[in-house]
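S.K.: Fold the following for me, if possible:
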Amino acid sequence: MNAIDELAAVKGVAYMDGRYMPLAEAAVPIVDRGFLRSDVTYDALHVWKGRFFRLQDHIDRFRASIAGLRMSLPHTDEELRGILMECVRRTRQRDAFVMVICSRGVQPPGTRDPRLCRNRLYVYAQPFLWIANEEQRRDGFRMILSKTQRIPPESLDQRIKNFHWLDLTMSLFEAYDRDAAVTVLPLADGTVTEGPGFNIFVVKDGALATPNRGLFEGITRRTVMEIAADLQLRCEVRPVRAEEVAAADEIFTSTTAGGITPVTWYEGRPVGDGKPGKLTMRIHDLYWQRHEYDAFCTPVAYHD
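M.R.: Predicted structure coming up:
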């Protein structure tokens, strides 16, 4: 591998149609239904200090999303793990963000029948991505309640991870217009769901609550609930009304792209004393400690 190839690999590696390539060279066909119709599902994983976090949990969830959209791939779990590992290995990154994608694929000319498509696997790995910048990780997010409603679960099962982000994207414009960084989207009944790329938790009187519908059930969210159980904290998965968020002692987000991030400003007012909450930061620390546990981690076989 020459110096130019090595530099391209460090920036990211993709797998498409049976071959590996620099991420910058990867391209989806313009007639792929994943592009044309958002007819696609995916999962986002991360590697920390050279080890995948909860790799099999992500693969299991990816499989469930594929089945939910009535798609299929010929790859075994072992083959998927091998492709994911190889993409990361080729980047040489010890901290990486990884995407595994199943698209409906290209439909034959003259038909819109999704059954006639060959479903396609796309994978890529790149340096680790943080949903929050350094200042936000230290001082907390500024968040608003979006006026844009989340697509209702009766229309689209949000437990199937998908690229249909227009409601989430439009909510971000609301945030930027109001000097905030992130949003939480409501449903028509006044309960909240999730934000663009993250789940939300509220803390009141030492108890946690997280919404139960209209959202993607994140692996980081699952990890937070497990941490709460270990700490013998009450963690309710239930409808969470917008008024509860406004009255919370602490608010935080959970996501693969950065773990736990405090929310210190909500709807124009400080949350608590305007600083990251003590319980939030305890969960933050315990979340990253889990990355040291062999039970949760799968090493990448780098070839230095």
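S.K.: which element is Ile283 on?
M.R.: helix 278-289 (DSSP states H and E).
S.K.: Okay, buried residues for that helix please.
M.R.: Within helix 278-289, the residues that qualify as buried are 279-280, 283-284, 286-287, counting by 16 or more other CB atoms under 10 Å. (Glycine included, C-beta is placed from N, CA and C.)
S.K.: so which two of those are the farthest from each other?
M.R.: Distance extremes for these: the farthest pair is Leu279 and Tyr287 at 12.4 Å, using CB to CB.
S.K.: Now do the buried residues in stretch 262-276.
M.R.: Buried residues in stretch 262-276 (16+ other CB under 10 Å): 262-266, 271-272, 276.
S.K.: Now tell me what touches it from outside.
M.R.: 138-145, 178, 180, 182, 200, 245-246, 248-253, 277, 280-281, 284 (CB atoms under 8 Å, 6 or more residues apart in numbering).
S.K.: where does Phe252 fall, phi/psi-wise?
M.R.: Dihedral pair for Phe252: phi -150, psi 160, per degrees, to the nearest 10.
S.K.: With respect to Ala14, which of the buried residues of helix 278-289 is nearest?
M.R.: Closest to Ala14, out of all of the buried residues of helix 278-289 and judged by CB to CB, is Tyr287, at 28.6 Å.
S.K.: quick one: contacts for the closest one?
M.R.: For Tyr287, the contacting residues are 220, 223-224, 227, 259-260, by CB under 8 Å, 6+ apart.
S.K.: And the pLDDT for it?
M.R.: Looking at Tyr287, its pLDDT reads 98.
S.K.: in this protein, which ranges drop under the pLDDT threshold?
M.R.: Across the chain, the ranges flagged by pLDDT under 70 are 1-8, 304.
S.K.: again, only this time at 50
M.R.: Within the chain, not a single segment meets pLDDT under 50.
S.K.: In it, which residue sits furthest out from the middle?
M.R.: What lies farthest from the middle of the chain is Gly110; by CA atoms, centre = their mean that is 35.5 Å.
S.K.: State the distance from it to Val10.
M.R.: Distance of Gly110 to Val10, given as CB to CB, to the nearest Å: 44 Å.
S.K.: Kindly report the same for Arg290.
M.R.: Distance of Arg290 to Val10, computed by CB to CB: 27 Å.
S.K.: Just the contacts of Tyr287: which are in strands?
M.R.: Using DSSP state E, 259-260 are the members of those that sit in strands.
S.K.: Now for the contacts of Tyr287: which two are most distant?
M.R.: That would be Ile227 and Gly259, which, of the contacts of Tyr287, are the farthest apart (CB to CB) at 11.2 Å.
S.K.: In terms of neighbours, single out the busier of the two.
M.R.: Ranked by neighbour count (other CB atoms under 10 Å), Ile227 and Gly259 place Gly259 first, with 25 against 21.
S.K.: Correct me if wrong: that one contacts His284.
M.R.: Yes: using CB atoms under 8 Å, Gly259 makes contact with His284 at a distance of 6.7 Å.
S.K.: Give me the phi and psi for His58.
M.R.: Note on His58: its backbone torsions stand at phi -70, psi -40 [degrees, to the nearest 10].
S.K.: got a list of what it touches?
M.R.: By CB under 8 Å, 6+ apart, His58 lies in contact with 43-45, 100, 219.
S.K.: mind checking the end-to-end distance for stretch 200-214?
M.R.: The first residue of stretch 200-214 is 12 Å away from its last residue (CA to CA, to the nearest Å).
S.K.: Buried residues in it, which are they?
M.R.: By 16+ other CB under 10 Å, the buried positions in stretch 200-214 come out as 200-203, 208-211, 213-214.
S.K.: and which of the residues you listed is nearest Leu233?
M.R.: When the buried residues of stretch 200-214 are compared for distance to Leu233 (CB to CB), Leu208 wins out at 6.1 Å.
S.K.: which residues does that closest one form a beta bridge with?
M.R.: Here Leu208 sits in beta bridges with Val203, Cys235, going by DSSP bridges.
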